[in-house]
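# Prediction below, plus the sequence it came from.
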Amino acid sequence: METKPLFIVMSAPSGCGKSTLIDMLLQEYPDLEYSISCTTRAPRGHEEDGVDYHFLTVERFRELLAENAFLEYAEVHGNYYGTLRGPIEDVLRVGHSMILDIDVVGAAKVRHFVMCHLPPEDPLRAGYMDVFVNPPSLDELRRRLEGRGTDAPDVIERRLANAEGEMARAGEYMFQVVNDDLHMAYRRLCDLIDVRSGRM
Ligand code: 5GP
């Protein structure tokens, strides 16, 4: 069946299961690819160049910036992070879809660029959709973050404050999903993708 290639932007506060949901979607849809961001920070632990991030020097990042290669970029804790436009266009050109895992600020920049600077027939705009994944509640998110046992109390408080700020902007997204039950949230995402791509 002929389906429309999608450009999917997904955001969620940390602890909402976004990475798990994205991994499940990548398994489900063989023609869905994950957008690998560029960063100037050093790799951590088992991170691999070209898998987790494209790890670049500041000089190379600035060159790409000057070439207008980024759909959006940001400076976070003294390091640059950016989403390249070229690979997304390449993926959509061959009829595949791309999914981006990006925070609300980055997502707002991408949305603005796509909606205000691209013509309606551009594949990035024609296939655009964005989704915000909500936790069932801030109390439940606190329980999940505490249950993970990986973060110190002050880190958990910071994550919760960030989550509240991010959830306040959930209304900017085309779609919202509540991850109270992983399977239900996943099915809802699949339904959205199937409808938008013309599978359903
Ligand atoms: P980390 O260094 O922990 O992997 O990521 C730090 C922050 O950078 C996270 O909030 C993450 O969402 C953000 N980030 C990762 N990739 C990108 C990107 O391509 N663009 C923007 N704007 N932020 C990114």
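Thanks, I have the structure now.

# C-alpha from now on. contacts and neighbour counts both.
Noted.

# partner residues bridging the closest residue to the ligand within the chain?
Proximity of the chain to the ligand (C-alpha to the nearest ligand atom) peaks at residue 82, 3.7 Å away. Beta-bridge partners of residue 82, counted by DSSP bridges, are residue 38, residue 73.

# pretty sure it contacts residue 41?
No: between residue 82 and residue 41 there is no contact under C-alpha atoms under 8 Å: 11.5 Å.

# the more surrounded of those two?
Neighbour tally, residue 82 and residue 41, criterion other C-alpha atoms under 10 Å: the higher count belongs to residue 82, 24 against 18.

# avg pLDDT for stretch 74-94?
Average pLDDT, stretch 74-94: 94.

# Could I get the CA-only coordinates of it as PDB?
What follows is stretch 74-94, C-alpha atoms only, in PDB (Å, rounded to 0.1, in the frame of the first residue of the first chain):
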ATOM      1  CA  ALA A  74      20.400  24.900  20.800                       C
ATOM      2  CA  GLU A  75      23.200  25.500  23.200                       C
ATOM      3  CA  VAL A  76      22.700  23.300  26.300                       C
ATOM      4  CA  HIS A  77      25.100  23.400  29.300                       C
ATOM      5  CA  GLY A  78      27.800  25.000  27.100                       C
ATOM      6  CA  ASN A  79      27.500  22.400  24.300                       C
ATOM      7  CA  TYR A  80      25.800  22.700  20.900                       C
ATOM      8  CA  TYR A  81      23.000  20.300  19.900                       C
ATOM      9  CA  GLY A  82      21.300  20.300  16.500                       C
ATOM     10  CA  THR A  83      19.100  18.500  14.100                       C
ATOM     11  CA  LEU A  84      20.400  18.200  10.500                       C
ATOM     12  CA  ARG A  85      17.800  18.900   7.800                       C
ATOM     13  CA  GLY A  86      19.600  16.900   5.000                       C
ATOM     14  CA  PRO A  87      19.100  13.400   6.400                       C
ATOM     15  CA  ILE A  88      15.500  14.000   7.100                       C
ATOM     16  CA  GLU A  89      14.900  15.100   3.500                       C
ATOM     17  CA  ASP A  90      16.800  12.100   2.200                       C
ATOM     18  CA  VAL A  91      14.700   9.700   4.300                       C
ATOM     19  CA  LEU A  92      11.400  11.300   3.200                       C
ATOM     20  CA  ARG A  93      12.600  11.400  -0.400                       C
ATOM     21  CA  VAL A  94      12.900   7.600  -0.500                       C
END
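
# That's all I had, so thanks and see you.
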